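In: Pasted the sequence and its predicted model underneath.
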Number of protein chains: 4
Amino acid sequence: MSSEFGKNIKVSVFGQSHSKAIGVVVDGLPVGEKIDMVKLQAFMNRRKPSDGIYSTKRNEPDQVEVLSGLVAGVTCGAPFAAIIENKDQRSQDYKEIKDVPRPGHSDYPACVKYKGFNDVAGGGHFSGRLTAPLCIAGGLALQILERKGISIGAHIVKIGKAEASLYDAVNLTADNFDGPLLTEEMEAEIMAAAEDNDSIGGVIECAITGMPAGIGDPMFDGVENVLAKALFGIPAVKGLEFGAGFKVASMRGSENNDPYRVIDGQVKAVNNNAGGILGGITSGMPIIFRLAIKPTPSIGKEQESVSLSEMKDATLEVKGRHDSCIVPRAVPVVEAVAALCMLDLLA
Amino acid sequence: MSSEFGKNIKVSVFGQSHSKAIGVVVDGLPVGEKIDMVKLQAFMNRRKPSDGIYSTKRNEPDQVEVLSGLVAGVTCGAPFAAIIENKDQRSQDYKEIKDVPRPGHSDYPACVKYKGFNDVAGGGHFSGRLTAPLCIAGGLALQILERKGISIGAHIVKIGKAEASLYDAVNLTADNFDGPLLTEEMEAEIMAAAEDNDSIGGVIECAITGMPAGIGDPMFDGVENVLAKALFGIPAVKGLEFGAGFKVASMRGSENNDPYRVIDGQVKAVNNNAGGILGGITSGMPIIFRLAIKPTPSIGKEQESVSLSEMKDATLEVKGRHDSCIVPRAVPVVEAVAALCMLDLLA
Amino acid sequence: MSSEFGKNIKVSVFGQSHSKAIGVVVDGLPVGEKIDMVKLQAFMNRRKPSDGIYSTKRNEPDQVEVLSGLVAGVTCGAPFAAIIENKDQRSQDYKEIKDVPRPGHSDYPACVKYKGFNDVAGGGHFSGRLTAPLCIAGGLALQILERKGISIGAHIVKIGKAEASLYDAVNLTADNFDGPLLTEEMEAEIMAAAEDNDSIGGVIECAITGMPAGIGDPMFDGVENVLAKALFGIPAVKGLEFGAGFKVASMRGSENNDPYRVIDGQVKAVNNNAGGILGGITSGMPIIFRLAIKPTPSIGKEQESVSLSEMKDATLEVKGRHDSCIVPRAVPVVEAVAALCMLDLLA
Amino acid sequence: MSSEFGKNIKVSVFGQSHSKAIGVVVDGLPVGEKIDMVKLQAFMNRRKPSDGIYSTKRNEPDQVEVLSGLVAGVTCGAPFAAIIENKDQRSQDYKEIKDVPRPGHSDYPACVKYKGFNDVAGGGHFSGRLTAPLCIAGGLALQILERKGISIGAHIVKIGKAEASLYDAVNLTADNFDGPLLTEEMEAEIMAAAEDNDSIGGVIECAITGMPAGIGDPMFDGVENVLAKALFGIPAVKGLEFGAGFKVASMRGSENNDPYRVIDGQVKAVNNNAGGILGGITSGMPIIFRLAIKPTPSIGKEQESVSLSEMKDATLEVKGRHDSCIVPRAVPVVEAVAALCMLDLLA
């Protein structure tokens, strides 16, 4: 087991970077939900390589082909399955990697685990390309959640040294989810990395509004556990924090505790250091978390590695097409995974 | 489902702060493993309230009583079950909380979820006391792992403003796991909080040495996913980062990628920003992660809350016995959970 | 993993025949359910050895001790845990079995699986005694289901050559669940076996009334799948059939299909060969299944076996106290497991 | 969750009878296994409608298209995914069924469960057509098991009144798995049913040779539990028995217990009433089980049903193409499911 998550709604991802197709099966979606395929494709396009400086030159239309699960565009209770054909494959770019593993990539651990049988072309099953089927599944979930009054938005709050403001964790609404993807400073950080044949990391913040209080379970099936298990499945995620996150370490309880007040006849917290989750259960406040995204390990710059066949030191210049910053393309993926988790928790 | 984790080794925790007993069932332990009960009890004692300033005045001997799973002290394949009797219960301390939820605690979300039927005495099933059975299970796992050459250690790297050095993520050995629990500066931070009837948070770092390369699965069952799902089950954890963690956001790929070299005939990385995990799979380097621990929400200081019965604003002074800093007592709990995850991944 | 079942309601059983205690954890019970402990104990007593001819002479009061999960006798959302202390242990009876495995028992396969570390005393974790904690959990479930208008009853329809009428699968109500446990012919079969130092098998039929239509999932999580996985966990079960069961093999579709009619404004089937389940989903008719229970393998009669230490043929006369027929004591166990499955399916 | 089974090897089936495609994802296959696609297609063809009398006239080439999981025909650790396009769809045949449910079919319970949104065309996700992807997955498993010396064979032992001999449960080898699919008497039973616009049921027996002793877990993850959960996912299965099965009800322990002898230096049972499984664990003897297969509910004969829209009695003549006996086509499906379970248990 590896490429599946979810309890009531099971999401199973398959494919390799250069296999015939990549795809997803979602088992357990609510029935009677109309899926807007134009909207879904528009969501998918947010993950696609842009014309900008930061992303791979691989050109994939990423056309979603639904195989099952819908009748006249409406969920019917049968597992939803959809695929994307891989079209622009250039496996020859990856021959050297089989012998000389890329530092910071899964190449070496995967080779040990799979005894050399793993697909190295384009990173195989470890490729960021596998986030495309995640977006298909998540795009569906977002449409279904929207009808329940639940909105999910993510934005970039850091690239290199460039930072942007966090969401207002208390007064946030879905309206706050629009805005430019990158500030000028962020673009400059990416461009500088690209010019050095290098890559750069960042932080994505995600917010979920409209989740009712009382969702989630204590201990190991809480909202944080469910999100954490799934979010660390997004390639390059190395950190996750909820609400005030690592800042809690230097806080006093009196400062970190979010006081309750009765507002409009309802219990509300006047602060949201908890990120909307207490004891694993939603408090009714917006759910807020941030993810640390490492710089993509595939860089053009020369790096020190080893030759596995000769067991001696070697150097490596990764060829092929690579993102200088994957953070922008990861934004809809984070929304997708968060949406699938919320739908699962509500099921 | 809520209080269970693990795939091959299932850990099921039960009990409430003031129930007759708390306990744990561990299903799937390897057979033929001799359990040293004296060593286990010594490990348990690290979690107990100390005589120091920082912890609850509740006095529990935390004597482990094994109910099943051993024959003459050796694991026999049957589920291991053990309990700890709750002795020093003072349920009367918690009456007010039923109506006026403690800010920052699970009281309010739990009340919504469980329609008021949840046990509020001592936090019920949400109490930090439930980490005691986790330590029983983890204490077993640590003994079994040790025979496989795998060691786990955790230490406090931050309390309030006081910081300590991180582990050397490359050259770390089990010998590094000994050392004083708190620096003088940390003790001063805790004492200052205690004097204010307040509490203080911190950061715990954990390292795992001896895990072979090639363990873990890609995407959603990787080492990070498995650890994350379990670690967010420890009360008060609000953040988790592996290796360089949130620092990756401002790093270049050339800086973050850990170069490989052949050392003593083996592939080794000369740096460990990855925290021993790439693509969800162990690289053979030490596994390193850090947890943000929030200040315990139960504080003596007056706080703003609401009366649920009257639906109006209220103030609250939490009575009873509370830790001013739970970070020191959480250290063995982190080791315990990490040990159970490793044993599960190796099964 | 081995001794657990359930998806939303996890039932985890622990203990060995001669361990300090046996017990159960039930995670996920609905909250606010009052548990009648007198009624629960009465249910437990149906599983206890009777004064009659057919059962073990082991004398265990089987007093249920609740450790957690209730507040003032009402389910509170925390995992329910309860134990039964083992009192009347005579481990010395089982020494020979370690070397000479009982034919028809788990002794030999368990010895291979657990490399000889398994607890052989009384069958260890494989003992029928482990059905006692199943009855605790199931007794709770039965009380909760009853409030939802769902009743479960089981009866013996065959012992040796003695047979009894099946339930009326169409017009069955909870009233039909009362009646004598054994017919005179069945008692005669058991007595004859007992006199021969032998044992005898049987068939138990179970019916569930009041389950609404539309419960269960297609393919692998249907009502049949869920029941099957759990029911084969009852020791000695070797066969399971739903509705017409194996008789369908000689039936025509026109005969086996249950015709629908509108009765009192509701869709009803006028026959119930389906046993209340079509495509894995409840039809609204009573759920009906039958279990083949093998004769208990522990018999006083001399049997052919082998000495594992000497790897040569040997003979065995099982000493100790054994049931000549376990079928009567299995009746409440079947009800218990069925109840837990129904509660899980409804969750 | 519904259309998935397996713990270490997850098999996820998707598709509807008349969706664009049907398919399967298998996550967790061992790596380095060469898959013979010609052999796989030959296995698939055993499930296809024959030219004979008993099967549907629907004409599907059932060409397996592999999407991912293989590199140069060898398993690479990434999830295996394959699809079959649906070509010969005639959805118009099924319009009436939406209103007038077929007796004995899932139509009515599915309509209740899915609030009328379920796909009725060809039975939707409940169609026997979904056994084709199961055969893809199982065909792979059979090839992998064969290299481990494990063989699986199934045969028909009953159609209507016509019976055939059971396997020799003790001395069985893979050579016994060849033989004619149907006896003359069985063909006559099917022909008689077909001539009456009716259908007929049967019993399939399956045997697994070469499984080592000591595989499986006690209680709820035993070999019987694992097989039972999966096998009841095959449409039309209404009963399952292991070894002597329901015959144990009239047996004495002395008769049912399989005596051990040392044969060629190994512990062997001289009988196999246990069907190769004791206490949920393999004994090293062949695993033997039998499945009751109900007559397909879709028959041309007029039947009594109801109109759901008018809530009144109605009659139904099922149009379209149907099998008069699905038992022959179910034989490879049983082998496929058994193979997947064995591979999972061995993982």
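Out: Cool, got the structure. Numbers count the residues shown, from 1 in each chain, chains lettered A, B, ... in the order given.
In: Going by C-alpha atoms from here, please, whenever you check contacts or count neighbours.
Out: Fine.
In: for chain A, what helix or strand is lowest in average pLDDT?
Out: Lowest mean confidence among the helices and strands of chain A (mean pLDDT, DSSP states H and E): helix A:95-99, at a mean of 79.
In: Mind giving me the packing neighbours of the very next helix or strand once past it?
Out: Next along the chain after helix A:95-99, taking DSSP states H and E as the criterion, comes helix A:107-113. Helices and strands touching helix A:107-113, by 3 or more CA pairs under 8 Å, 6 or more residues apart in numbering or on different chains; DSSP states H and E, are strand B:281-282.
In: Does chain D have contacts with the strand it packs on?
Out: No. For strand B:281-282 and chain D, the contact criterion (CA under 8 Å from any CA of the partner chain) is not met; the two come no nearer than 12.9 Å.
In: A:K238 and B:G243 touch, don't they?
Out: Yes. Between A:K238 and B:G243 there is a contact at 7.5 Å, judged by CA atoms under 8 Å.
In: When these two are compared, which one has more neighbours?
Out: Neighbours were counted for A:K238 and for B:G243 using other CA atoms under 10 Å in any protein chain shown; A:K238 has more, 29 against 23.
In: helix/strand/coil for the more buried one?
Out: Assigned with DSSP: H, G, I helix; E, B strand; the rest coil, A:K238 falls in the strand class.
In: what does A:V24 give?
Out: Relying on three-state DSSP, one would call A:V24 strand.
In: And for A:L29?
Out: Going by three-state DSSP: A:L29 is coil.
In: From B:M342, how far out is A:Y108?
Out: 20 Å (CA to CA, to the nearest Å).
In: quick one, which of these two is more surrounded?
Out: A:Y108 (30 against 24).
In: wait, the more buried one sits on B:S283?
Out: Yes. Contact criterion CA under 8 Å: A:Y108 and B:S283 qualify, at 7.2 Å.
In: Could you report the neighbour count for the residue in the stretch 101-250 of chain A positioned nearest to chain D?
Out: For the stretch 101-250 of chain A and chain D, the shortest gap (CA to the nearest CA) falls at A:N118, measuring 4.5 Å. A:N118 is flanked by 27 other residues according to other CA under 10 Å.
In: What helix or strand is it located in?
Out: Per DSSP H and E, there is no helix or strand for A:N118.
In: Could you pull out the helices in chain A for me?
Out: Remark: helices assigned in chain A by DSSP state H are A:37-47, A:95-99, A:107-113, A:131-147, A:184-195, A:223-231, A:253-256, A:327-346.
In: Indicate which one of those is closest to D:G276.
Out: Comparison of these against D:G276 by CA to CA identifies helix A:107-113 as nearest, at 33.3 Å.
In: What about A:G149, how many residues nearby?
Out: Neighbours of A:G149 (other CA under 10 Å): 12.
In: Please report the distance of it from C:R102.
Out: 63 Å.
In: what does A:V248 give?
Out: Counting by CA to CA, the gap from A:V248 to C:R102 is 60 Å.
In: Could you check the pLDDT of the residue of the stretch 101-250 of chain A closest to chain D?
Out: For A:N118, the pLDDT comes out at 94.
In: residues touching it, list them.
Out: A:A110, A:C111, A:G124, D:V31, D:V71, D:C76, D:G77, D:A78 (CA atoms under 8 Å, 6 or more residues apart in numbering or on different chains).
In: Please apply the same query to A:A81.
Out: If you count contacts by CA under 8 Å, 6+ apart, then A:A81 has A:G23, A:V24, A:V25, A:V26, A:V66, A:L67, A:S68, A:G69, D:F14, D:G15 around it.
In: quick one, what contacts A:K34?
Out: A:K34 neighbours (CA under 8 Å, 6+ apart): A:G73, A:V74, A:T75.
In: Looks like the second one contacts A:P30 (just checking).
Out: No. Using CA under 8 Å, A:V74 makes no contact with A:P30, being 10.1 Å away.
In: Check the contact between A:D119 and D:C76; I expect there is one.
Out: Yes. The pair A:D119 / D:C76 is scored as a contact, 6.1 Å apart, by CA under 8 Å.
In: Before we move on, what's the pLDDT of the residue nearest to A:S254 when sequence neighbours are not counted?
Out: Distances taken as CA to CA, 6 or more residues apart in numbering or on different chains put B:D198 closest to A:S254, at 6.3 Å, once the chain neighbours are dropped. Note on B:D198: pLDDT of 96.
In: picking that back up, out of the helices of chain A, indicate the one that is most buried.
Out: When those are scored by mean count of other CA atoms under 10 Å in any protein chain shown, the highest mean neighbour count falls to helix A:223-231 (a mean of 27).
In: so what's the residue of the stretch 51-200 of chain A found nearest chain C scoring on pLDDT?
Out: Minimum separation of the stretch 51-200 of chain A from chain C (CA to the nearest CA) falls at A:A78, amounting to 8.7 Å. Note for A:A78: predicted pLDDT of 97.
In: The nearest residue to it once chain neighbours are set aside: neighbouring residues, count only.
Out: Counting by CA to CA, 6+ apart, A:A78 lies nearest to A:G69, which is 4.8 Å off, once chain neighbours are set aside. If you count neighbours by other CA under 10 Å, A:G69 ends up with 30.
In: need the contact list for the residue of the stretch 51-200 of chain A closest to chain C.
Out: Contacts of A:A78 (CA under 8 Å, 6+ apart): A:D27, A:G28, A:S68, A:G69, A:L70, D:F14, D:G15, D:Q16, D:N118, D:D119, D:G124, D:H125.
In: Can you tell me which of the residues you listed are buried?
Out: Applying 16 or more other CA atoms under 10 Å in any protein chain shown to those, the neighbour count classes A:D27, A:G28, A:S68, A:G69, A:L70, D:F14, D:G15, D:Q16, D:N118, D:D119, D:G124, D:H125 as buried.
In: What is the nearest of the residues you listed to B:K312?
Out: Nearest member of those to B:K312, counting by CA to CA, is A:G28, at 40.8 Å.
In: backbone phi and psi for that closest one, please?
Out: phi 110, psi 10 (degrees, to the nearest 10).
In: Please look at it and A:G69 and confirm they touch.
Out: No. Judged on CA under 8 Å, A:G28 makes no contact with A:G69 at a distance of 10.1 Å.
In: Give the residues shared as contacts by those two.
Out: Counting by CA under 8 Å, 6+ apart, the residues touching both A:G28 and A:G69 are A:G77, A:A78, A:P79.
In: neighbours around the first one, how many?
Out: Which is A:G77. For A:G77, using other CA under 10 Å, the count is 28.
In: Now do the same contact list for it.
Out: A:G28, A:L29, A:P30, A:V31, A:G69, D:Y114, D:F117, D:N118.
In: any idea how far it is from D:Q16?
Out: 10 Å.
In: Now the common contact residues for the two.
Out: A:G69.
In: Tell me who's in contact with whichever residue of the stretch 151-300 of chain A sits closest to chain C.
Out: Relative to chain C, the nearest point of the stretch 151-300 of chain A is A:P218 (8.7 Å; CA to the nearest CA). A:P218 is in contact with A:G279, A:G280, A:I281, B:S2, B:S3, B:H125, B:F126, B:G233, counting by CA under 8 Å, 6+ apart.
In: Look up how far A:A81 lies from it.
Out: Taking CA to CA, one finds A:P218 at 32 Å from A:A81.
In: what bits of the stretch 201-347 of chain A have low per-residue confidence?
Out: A:320-321 (pLDDT under 70).
In: how about the strands in it?
Out: A:202-209, A:237-242, A:260-263, A:266-269, A:277-278, A:281-282, A:287-293, A:303-307, A:312-316 (DSSP state E, counting those that start in this stretch).
In: can you list these in JSON lines and add distance to chain C?
Out: Below are these laid out as JSON lines (distance: least, CA to the nearest CA, whole Å):
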{"stretch": "strand A:202-209", "distance to chain C": "25"}
{"stretch": "strand A:237-242", "distance to chain C": "24"}
{"stretch": "strand A:260-263", "distance to chain C": "24"}
{"stretch": "strand A:266-269", "distance to chain C": "22"}
{"stretch": "strand A:277-278", "distance to chain C": "16"}
{"stretch": "strand A:281-282", "distance to chain C": "13"}
{"stretch": "strand A:287-293", "distance to chain C": "23"}
{"stretch": "strand A:303-307", "distance to chain C": "40"}
{"stretch": "strand A:312-316", "distance to chain C": "42"}
